[in-house]
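J.: Okay, predicted coordinates and the sequence, questions at the end:
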2 protein chains.
Amino acid sequence: MMYTIGQVSEMFHLPISTLRYYDKEGLFPEMERQSGIRRFSEREIEALRVIECLKASGLEIRDIRQFMEWAAEGAATYGKRKELFEARKRAVEEEMARLQKTLDMLNYKCWYYETAIREGNEDRLSQMIPDGLPPEIKKLYESGHSQSPSATQQILRNSGLSPAF
Amino acid sequence: MMYTIGQVSEMFHLPISTLRYYDKEGLFPEMERQSGIRRFSEREIEALRVIECLKASGLEIRDIRQFMEWAAEGAATYGKRKELFEARKRAVEEEMARLQKTLDMLNYKCWYYETAIREGNEDRLSQMIPDGLPPEIKKLYESGHSQSPSATQQILRNSGLSPAF
DNA sequence: CCTTGACCTAAAGTTAGGTTTAGGTTTTAT
DNA sequence: ATAAAACCTAAACCTAACTTTAGGTCAAGG
């Protein structure tokens, strides 16, 4: 079964211009043409699924091209291809851990504003931070605030009236 | 406690140019200066933590500026600020779900290449897809392949020799 | 005093990942 | 046979988020 660029565009909800761009970047190294017109086979359809997966994993277009070139070389590159997928797995796992910390921070902030709205101001809140926070909330606060600076932790912990948005 | 731009740069492992860029974009609307030199207070340090959180959640700089302007307006904007954090929470949860599907696909591909390497070719694999796959692997395959096209599912399921990378 | 290191601005440059435009060819339906 | 719809290319354009550059100011130590 073969598809035109317009059919593939509808199948994947991708603009035709994007498919042409991917082709120009070498993401379909084996695609056929018929009097100049692209013919997407099942190989290219599965390639597109892999492209979306690798893109979602944070891989850049030029590295996806490299993968597609390996795939075109056949069985000799199984090892390289497997290592690539394993590296992307690690990258995605790291990204998910980062997002979990972000989510902890966001949950903390939601609690913070619920409280601020209930009380009409942040006065009591700013005195609770961080050791007077309810245990559940304190966990979120610490997870969310552990992302970047370590040097400042000590300074800010005991500074009393830290502004907190 | 006040910090210079160089100190903040080290604390957050951010280039000085980035801090100046954030300031130019209005992310520190209340920052003070002393004869032209920026003075970061604890307010700006906490602002930076929030900036990193909102950025990690996928928010653009201009919307972060909006948030910082709301914060500068005081208690009247608690509601807006809470709604922003709730919206970002939803966005991050969706992103994590998307990454989980990506991870399923990557795990499937890792299994695929382990098998291809063990067997020396993809012949048996391409006949297993999708109904002859081991149940655990089939789950990953279906999760990973449910991301984009729905129209193609039926077509590809029964096409026999689909190439699979 | 004077030099050195840290700070400042405005403006131009960079990068990734597309999208748009202009002009032309091919296929499909009447 | 012809007109509309769908395809093609090359090249210019776009956006976000920075980074670099060029030229200047400020503060501390010798």
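T.: Nice, thanks for sending it over.

J.: quick one: A:Leu125 and DNA strand C, what's the gap?
T.: Look at A:Leu125 and DNA strand C: by Cβ to the nearest atom of the strand, to the nearest Å, they are 31 Å apart. From N, CA and C alone the C-beta is placed, and that goes for glycine too.

J.: for A:Gly6, that is, sorry about that
T.: 11 Å.

J.: Now for that residue: which residues touch it?
T.: By Cβ atoms under 8 Å, 6 or more residues apart in numbering or on different chains, A:Gly6 lies in contact with A:Ile16.

J.: Retrieve the pLDDT associated with the closest residue to DNA strand D within chain A.
T.: Residue of chain A nearest DNA strand D, by Cβ to the nearest atom of the strand: A:Gly6 (2.6 Å). Predicted confidence (pLDDT) for A:Gly6: 98.

J.: same deal with A:His145?
T.: At A:His145, the pLDDT value in this model is 88.

J.: so the residue of chain A closest to DNA strand D is in which element?
T.: helix A:5-12 (DSSP states H and E).

J.: any idea which helix or strand comes after that helix?
T.: Past helix A:5-12, the next helix or strand by DSSP H and E is helix A:16-24.

J.: ok so, going back, from B:Cys110, how far out is the residue of chain A closest to DNA strand D?
T.: To B:Cys110, A:Gly6 is 34 Å away according to Cβ to Cβ, to the nearest Å.

J.: Could you do A:Glu32 as well?
T.: 30 Å.

J.: what about these two, which has more around it?
T.: Under the criterion of other Cβ atoms under 10 Å in any protein chain shown, the comparison of A:Glu32 against B:Cys110 puts B:Cys110 first, with 19 against 13.

J.: Remind me what the strand or helix carrying the more buried one packs against, helices and strands.
T.: Using DSSP H and E, B:Cys110 falls within helix B:78-119. When contacts are defined as 3 or more Cβ pairs under 8 Å, 6 or more residues apart in numbering or on different chains; DSSP states H and E, helix B:78-119 packs onto helix A:42-56, helix A:78-119, helix B:61-73, helix B:123-128, helix B:135-144.
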